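Asker: Mind folding the following:
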Amino acid sequence: MSGLELVPIGTILGLLIDQVISTTIALNDVLVEKECFKNLSSYLFDISPILVELQNHELNDTPAVRRTLEFLKEDCEKAEGLVQKYKNSGKFYTILFCRRIANEMQDATRAIGRSLAMLPLVSAEVLSAISEKVNRLQAAMQNVEYVASHSSLAILEKLDKGIREERHDHNFRNSMLEQIASVGVPIEPSEIKKELDSLRMEKEEAAARKEKQEEIFLKQVIELLSNDDDVHAEERIRKQYDLISNLVEKSRIHNGMIKEYNASLCPITKSVMVNPVILCNGTTYEREAIEAWFLQGNTTDPHTGETLEDLALKPNISVRQLIQQWREKNQLLKIRQAKEILQSTNSSGYDDALRDIQKVVKENMDTKIWIAIEGLIDIIVLLMGISDGNLKSRFFQALLDIVERHSDNKNKAVAAGVLQHIVECVGLDSSVCTAAVNLLSELLQENDRQFLAIPEEDCKWNETLCRKLKQQHGAITFLVVIILDKQFSESSKKVEDILFQLCFNDDNMILSVASYRWYKPLVHRLFDGSESAKHRMMRGLLGMQLVEDDLEQLGEAGVIKPLIKLAMADDESKELTFSVMAKLSASLKTRRYIAEEGGFSIILEQMFSSQASPIIRESCSEIFEKITSNGMEFFTGSGVVVPNQEQISKLLVMLPIPSTPIGIRKPAFRALLNISSSENAAAEKAVATPNVISDILPLLQDSDKEIQELTLKFVHRFSRNVPIGITDFLLDDRRLEAFMSFLKDDSQPETQILAVGLLSNLQKNNQLIKRLAEFGTIPLLLNMLKRCTIDVNNNVLELLSGFTNPADIKMQESVVRLGAYPLLVDFLKSGSSTAKARAAALISSLSSSSPKLTKMKDQTSCFCFPGKKVTTCEVHGGICSLESSFCLLDSGALPPLVRLLKERDDAVKLPAILALKTLVQEGQRGANVLHQLGAIAPMLNLLSEQNAALIEEVLEILERVFSVRAVAGNYSGQAMKSLIELSHNQNMDDHLRAKAAKILSNLEIFSKSGSYPV
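Answerer: Numbers count the residues shown, from 1 in each chain. Sure thing, here's the model as predicted:
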């Protein structure tokens, strides 16, 4: 403590004892939170005799002793300062801050204890005489813990609850005052007014200290305990408006402002004060400025220069009120100036005018009513309707500040038509839409109390304005667009809250929102609504036109989970549920959700159940079909067990039963085909079960054409693996005649393909082939070759192989006579690879019969009477023609066959080789023909390939061709090289290498004999 260096130690002890006694007496005068004040008083009472005893011991005067005594005196002064602070505070205030008071008194007590603990460390006499007392006392003081009284805490808790619940009714106020009275605080009207005035002053002090949290809390308590309800509050603000309005009209305006009062200027800063405080000599300063002056060590009045006896600062309420009045006059002036600008036709000043309005509102919440009185709400709403772009956004932002937490202004804005302008923002810039959403969210909330911090989850909605928004044309469109457009992610949460509120207990609204493609409220209703509400939601879904994107959104919104749950409810719910699921299953994603939620087993169970209604079974069949439409790959990773053999067998049994409704049979049939198309092992085993195919086949004659086609697809799928029962079925004339209708119907090319494909799988059955020929199948097939697609042609060509079997020459003659050969040649020239291969195979079959059909030249004529000269076939040595002997030379097929040898596909080259091989099948006459066609060189090239079957056939041809010396001589060099490489190829079969070596040996013999030049 500066200034005590020259004072004797005994005097310092005396001053300290006086301070302790003074503090003790002061502590006993406090009326609130008495316990902690009395405890400190008791401790100080015990300290006094210790200090007196120290004074009697005539302590050594050392710097350490002086510092300890100075610390004790300073700590006691601080404790007495707390006493004075709270002794002069209102009783309501001390209750509100009882926790803070207890904490501050606890800190003060512990500080005195710490200073007291230093005494044994600085004085040996103390240790020997009173150390035990000092140690006990300082230990107790340093470990002391004070808590606010239970009654004060109970009052505070009730106040906090009232603030959270916005309890502004008289009953709560009276109950609160009664509880306050129970702790000894008078509640007569005059006393209450005095206490509330005190709280208002404390609020202003908190604002001056920039303690925003304390300011807001005091504001809330004042509103809660005040009898100044909304009506009275508005009357008070209107009276203030009238007062300020009169003052503005009488004031001189300079540069757009009313000049400040001289008394409002701080002598130090020369600017208008924010927190005016008065010194002991009556001079007023800005608090921060004068405190900075004192911190520099000054003890004089900076304006007058006089020395100050007391440096205490007190709020100058009258000057503050004067400054507040000056500010309010300028605020009203700014409002009127903004109004004048907004009413003008020059929009360049609009932005500044709106900014001034927003600034005024933030400075003084009461000006919201002044703005309404001036008619600015109507003006702003009108202008936002004729503005666009950034200016429209600014109008929304300014109006938000004006209506925020003010129900009257909200109602005025809605009455002026602001809802229409908000919903008309669809398609505008994102900043405009965001500002519109923020304004709409505020308009719909009931949060009238200014500064009241309401948790978002406790927000209340203005039901009247919500109803008006529902009736506003275009409102739902605007809100749903905001949610679905990703650029509005920040606003979408607010819009979701709004839409959920609009949909609350309103099924029609929920369905209306869903029709705009936002489905969350509908899904929530399916989870939590009443049974009747859930039924309405499902009927609504059935009535909607849903595209793929809608179905995906419904799935993502979680619609499947409640539907699966409802699938196990009463029959009406089941029928609706499965009908909805059938509609939703049109989307792949939704089908996956159904499978993942365990719906697959439920669907199969209901589909097979004889107890389920036809509607349920039909819906389940439809869902089952759609789920399997992507094949078994759909179930990969879904955790769903694919249909097993037992389930597929049930399906196969159900299909042929006459009583099975067509609405179940068709989708179930399609589902079975979907499963079968995935090479499903369970399906293969189920179909292989005896009598399964036999039971299904009669459906080929079903009265429903689609069932016929589905049966045809199914039978075709398994005809290659289970042909016996199918063949037996078709050998019946009546059934075969019915089956022929598939082949004859040119309007159904897909069905023709299936029918031809089915028969091609059965073409090895000679009995069936003969019956087909008798029923006129061959000309039908040839007509198809003339006009059908590649797929059909491939199947037709394969089926024709059954009609060109060399064992049945009569059948071959029918095929050729009906004009097959030219068609086959055309396929050799321009067909697909498969068609070329099959055409070559058919020609090979026909050509192999030529030797049997060739007529030898008649040798019985006499040289005297020679017969007519007859040209013989170069290959067959007799009389040949295309129709009589299927002669290759007359067919025009040889050049394209030779060209096929150069194809890349071995499947094409092999049947071409076999067809050419028929030219040398009897003797060597065909060798010259092959040589002349240029067929031998490409054959030699084939020897370098890796296809053993192809090489073997080529070697057989070469063996016959090179037996003709005139032909062999033309290819000796190329042939020897190819044959040597083949005979030494260790990767080739031994018998092929041996055959190559044999041909090579014959060529070498020819070479050595000189029969032709090497």
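Asker: nearest residue to residue 663 other than its sequence neighbours?
Answerer: residue 618 (4.0 Å; Cβ to Cβ, 6 or more residues apart in numbering). For every residue, glycine as well, the C-beta is placed using N, CA and C.
Asker: The one you found touches residue 662, doesn't it?
Answerer: No - taking contacts as Cβ atoms under 8 Å, residue 618 lies outside contact range of residue 662: 9.2 Å.
Asker: Nearest spatial neighbour of residue 494, chain-adjacent residues omitted?
Answerer: Closest residue to residue 494 apart from its sequence neighbours, by Cβ to Cβ, 6+ apart: residue 441 at 4.5 Å.
Asker: what number of residues lie near that neighbour?
Answerer: A total of 17 residues lie near residue 441 under the criterion other Cβ atoms under 10 Å.
Asker: What of residue 789?
Answerer: 11.
Asker: measure it to residue 756 for me?
Answerer: From residue 789 across to residue 756, the span is 11 Å (Cβ to Cβ, to the nearest Å).
Asker: swap in residue 854?
Answerer: Per Cβ to Cβ, residue 854 is found 33 Å from residue 756.
Asker: for residue 403, same thing?
Answerer: Using Cβ to Cβ, residue 403 is found at 77 Å from residue 756.
Asker: who has more neighbours, the two?
Answerer: A count of neighbours by other Cβ under 10 Å puts residue 756 above the other of residue 403 and residue 756, at 28 against 25.
Asker: which one is the more buried one nearest to, not counting chain neighbours?
Answerer: Per Cβ to Cβ, 6+ apart, closest to residue 756 is residue 795, 4.2 Å.
Asker: pretty sure residue 245 contacts residue 332?
Answerer: Yes - counting by Cβ under 8 Å, residue 245 touches residue 332, with 6.4 Å between them.
Asker: The two: which is more packed in?
Answerer: Ranked by neighbour count (other Cβ under 10 Å), residue 245 and residue 332 place residue 332 first, with 25 against 16.
Asker: is it true that the more buried one lies in a helix?
Answerer: Yes - judged by DSSP: H, G, I helix; E, B strand; the rest coil, residue 332 forms part of a helix.
Asker: Tell me how far it lies from residue 369.
Answerer: For residue 332, the distance to residue 369 equals 11 Å [Cβ to Cβ].
Asker: between these two, what contacts are shared?
Answerer: Counting by Cβ atoms under 8 Å, 6 or more residues apart in numbering, the shared contacts of residue 332 and residue 369 are residue 241.
Asker: Can you name the residues that contact the nearest residue to residue 729 once chain neighbours are set aside?
Answerer: Leaving out its chain neighbours, the residue that sits closest to residue 729 by Cβ to Cβ, 6+ apart is residue 697, at 4.6 Å. Contacts for residue 697 (Cβ under 8 Å, 6+ apart) come out as 711, 715, 725, 726, 729.
Asker: Output those as TSV; include the columns distance to residue 552 and neighbour count.
Answerer: Output for the contacts of residue 697, formatted as TSV (distance: Cβ to Cβ, whole Å; neighbours: other Cβ atoms under 10 Å):
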residue	distance to residue 552	neighbour count
711	34	22
715	37	24
725	44	19
726	42	25
729	45	18
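Asker: now, among those residues, which is nearest to residue 992?
Answerer: Nearest to residue 992 among those is residue 726, at 39.9 Å by Cβ to Cβ.
Asker: In this structure that closest one contacts residue 715, no?
Answerer: Yes - Residue 726 lies in contact with residue 715 (Cβ under 8 Å); the separation is 6.0 Å.
Asker: quick one: least confident helix or strand in this structure?
Answerer: Every helix and strand of the chain was ranked by mean pLDDT, DSSP states H and E. The lowest is helix 124-129, at a mean of 52.
Asker: what's the next secondary structure element after that helix?
Answerer: helix 131-142 (DSSP states H and E).
Asker: after that following helix comes which helix or strand?
Answerer: Next element after helix 131-142 (DSSP H and E): helix 150-164.
Asker: So for that next one, mean pLDDT?
Answerer: Average pLDDT, helix 150-164: 82.
Asker: what packs against that helix?
Answerer: Packing partners of helix 150-164 (3 or more Cβ pairs under 8 Å, 6 or more residues apart in numbering; DSSP states H and E): helix 91-96, helix 98-117, helix 170-181, helix 212-225.
Asker: Which of those helices comes out lowest on mean pLDDT?
Answerer: Here the lowest mean pLDDT among these goes to helix 170-181, at a mean of 75.
Asker: Could you export stretch 772-779 as PDB, CA atoms only?
Answerer: The C-alpha trace of stretch 772-779 is given here as PDB (Å, rounded to 0.1, in the frame of the first residue of the first chain):
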ATOM      1  CA  LEU A 772     -42.800 -81.000 -89.400                       C
ATOM      2  CA  ALA A 773     -42.100 -81.500 -93.100                       C
ATOM      3  CA  GLU A 774     -45.500 -83.000 -93.600                       C
ATOM      4  CA  PHE A 775     -47.000 -79.900 -91.900                       C
ATOM      5  CA  GLY A 776     -45.300 -77.700 -94.500                       C
ATOM      6  CA  THR A 777     -42.500 -76.400 -92.300                       C
ATOM      7  CA  ILE A 778     -39.800 -76.200 -95.000                       C
ATOM      8  CA  PRO A 779     -41.300 -73.500 -97.200                       C
END
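Asker: who touches that stretch?
Answerer: Taking Cβ under 8 Å, 6+ apart as the rule, stretch 772-779 contacts 736, 737, 740, 743, 759, 800, 803, 811, 814, 815, 818, 820.
Asker: so the fourth one sits right up against residue 752, yeah?
Answerer: Put plainly, it is residue 743. Yes - counting by Cβ under 8 Å, residue 743 does reach residue 752; the two are 6.2 Å apart.
Asker: separation between the nearest residue to residue 710 once chain neighbours are set aside and residue 713?
Answerer: Sequence neighbours aside, residue 669 is the residue nearest to residue 710 in space, at 4.3 Å (criterion: Cβ to Cβ, 6+ apart). Separation of residue 669 from residue 713 (Cβ to Cβ): 9 Å.
Asker: Alright, I will stop here.
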